[in-house]
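Provide a 3D model corresponding to the input given below.
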Amino acid sequence: MKTNNEFRNIYQAWRMLDHLLGKDLPATRYLTQRDRILELFLAKKKNEITENNIQQVDRVKDISEKNLKQNYISKGIPVVMEEKAKNWKCVKQWSLDWLAENYSKDEVAIFDPLNSEIDTINYKVEKTTLKHVIESIKSGDTKKYSRFNRILYDHPELINDFDWKWLYKMRNKIASGKTFQVFIGGKGSQTSLHCATENNLFTQVYGEKHWYLYPPKNDIFLDPPITKSPYFYSKFNPENPDFNNFPAARFLTTFECVLRPGDILYNPPLWWHQVKNLNHSIGVGFRWFNLINSIKASLVGTLMTLLSTNPPIWTATKHRTDFTRIFKYMNTKSNLND
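Model prediction:
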């Protein structure tokens with residue numbers, strides 16, 4: 001009988017072949033082989049205990065830069081730094097009312113690429129204003145969730161509201177990108193399960209946010225569709241698990257945490273995560289790519305990212321601060337394939 005790691009490696013090999021050679025999206029050329037490996041994997045694990053396999057993400061206070069880099073970033077382990085940003089101007093000043101008062105006319109793109117109500121990636125983009133988004137949030141509309149908001153690029157002086165020197169210092173010595181991404185959403189809004197190759201230091205500026213996280217080795221449990229994209233997603237919902245369609249997910253170890261204003265989460269490369277706003281929320285991710293970190297997390301995930309075609313990695317990298325351009329590319333390609 002094969003070991004768990006052998007099953008994972010075989011599953012990943014078929015996944016890679018579908019990514020490279022499959023035609024339709026999601027690609028299913030080698031779906032039968034992936035399903036067969038899953039069945040054998042489940043047969044091996046059927047007698048294992050699966051209940052209450054939940055762990056809390058490490059929480060630390062006053063962690064040194066050396067400790068953070070050596071014990072978490074270099075090892076690809078998530079950690080919450082409690083109140084690390086409590087004295088940053090963004091945490092002291094930013095709120096929905098403050099944003100509405102100062103930046104209400106800003107153009108905002110609304111999109112939900114991982115909409116749980118559809119079977120494939122949703123490439124539709126709605127243009128509106130920040131004023132309308134905040135009014136919608138206050139009225140209880142969870143669909144008006146501003147993801148990857150460009151406010152820090154449209155108003156670069158706001159980056160000084162963060163300790164950007166510390167953020168830059170936490171990057172690996174050899175790294176690509178210094179990308180800020182702002183998320184503004186109402187109570188109950190969420191982003192479904194997904195992962196990518198970048199490191200992320202996520203600052204909770206306002207409100208509270210709940211995270212589910214899974215290590216990269218759990219790809220086989222989550223059975224992600226093959227979309228030829230550098231961004232991966234799974235239809236599994238840890239908040240409402242469907243073990244009929246995802247029987248292997250019963251064997252997952254779930255990590256979770258709640259971020260409060262001033263907390264910073266280090267989310268490593270290719271860690272699956274699903275995020276929900278527990279109340280009105282503003283959060284800011286700071287992302288960078290390091291090839292060694294990514295390979296250590298998942299060789300297959302890294303290769304699939306570098307060999308992606310929807311969009312190609314150079315397109316995704318070029319427009320990493322403007323997801324509307326990436327989605328425009330992906331939407332055009334999706335229509336051509338219809």
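
Provide a list of residues in contact with the nearest residue to residue 21 once chain neighbours are set aside.
In space, and not counting its chain neighbours, residue 21 is closest to residue 29: 6.0 Å by CB to CB, 6 or more residues apart in numbering. C-beta: built from backbone N, CA, C; applies to glycine. Going by CB atoms under 8 Å, 6 or more residues apart in numbering, residue 29 touches 17-18, 21-23.

So which bits of the top helix by length along the chain are buried?
Taking DSSP state H as the criterion, the chain has its longest helix at helix 4-21. Using 16 or more other CB atoms under 10 Å as the test for burial, helix 4-21 gives 7-8, 10-12, 14-20.

With stretch 150-159 instead?
150-152, 158-159.

Report the distance from it to the chain centre.
22 Å (CA atoms, centre = their mean, to the nearest Å).

Tell me how many other residues crowd residue 85.
Around residue 85 there are 24 other residues, counting by other CB atoms under 10 Å.

That one contacts residue 203, doesn't it?
Yes: look at residue 85 against residue 203 with CB atoms under 8 Å: they come within range, at 5.0 Å.

who touches both of these two?
91, 162, 263-264.

Just the ones of those in helices?
Per DSSP H, the shared contacts of residue 85 and residue 203 map to helices at residue 91.

Mind telling me the two of the shared contacts of residue 85 and residue 203 farthest from one another?
162 and 263 (13.9 Å; CB to CB).

Need the overlap of contacts for those two.
85, 203.

Please say which of those two ends up with more neighbours.
Legend: neighbour count by other CB under 10 Å for residue 162 and residue 263, higher for residue 263 (24 against 20).

Can you list the residue ranges for helices in the stretch 151-300 of the chain?
Assigned by DSSP state H, counting those that start in this stretch, the stretch 151-300 of the chain shows helices spanning 151-154, 164-169, 219-222, 291-297, 299-306.

Quickly compare those and say which is most buried.
helix 219-222 (a mean of 22; mean count of other CB atoms under 10 Å).

which residues are contacting that helix?
Against helix 219-222 from outside (CB under 8 Å, 6+ apart): 7-8, 11-12, 15, 37-38, 41, 193, 214, 234, 236, 246, 248-249, 251-252, 272, 298, 300-301.

picking up where we left off before, quick one: which of the shared contacts of residue 85 and residue 203 is nearest to residue 139?
Residue 139 has its nearest neighbour among those in residue 91, at 25.5 Å by CB to CB.

wait, what's in contact with that closest one?
85, 203, 205-206, 261-262.

For those residues, work out which two are farthest apart.
Within the contacts of residue 91, 85 and 206 form the most distant pair, 11.3 Å apart (CB to CB).

Spatially central, which residue of this protein would that be?
Against the mean C-alpha coordinate of the chain, by CA atoms, centre = their mean, the closest residue is residue 195 at 4.4 Å.

and of the buried residues of stretch 150-159, the nearest to residue 127?
Within the buried residues of stretch 150-159, proximity to residue 127 (CB to CB) peaks at residue 150, which comes in at 12.2 Å.

how much space between the closest one and residue 4?
Using CB to CB, to the nearest Å, we find residue 150 at a distance of 42 Å from residue 4.

and if you look at residue 153?
43 Å.

Spit out the contact partners of the residue nearest to the centre of the chain.
Residue 195 neighbours (CB under 8 Å, 6+ apart): 216, 231-233, 270-273, 301.

now those in JSON lines, with pLDDT and distance to residue 293?
Below are these laid out as JSON lines (pLDDT from 0 to 100; distance: CB to CB, whole Å):
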{"residue": "216", "pLDDT": "96", "distance to residue 293": "11"}
{"residue": "231", "pLDDT": "90", "distance to residue 293": "17"}
{"residue": "232", "pLDDT": "93", "distance to residue 293": "16"}
{"residue": "233", "pLDDT": "92", "distance to residue 293": "21"}
{"residue": "270", "pLDDT": "98", "distance to residue 293": "9"}
{"residue": "271", "pLDDT": "98", "distance to residue 293": "11"}
{"residue": "272", "pLDDT": "98", "distance to residue 293": "16"}
{"residue": "273", "pLDDT": "97", "distance to residue 293": "16"}
{"residue": "301", "pLDDT": "97", "distance to residue 293": "12"}
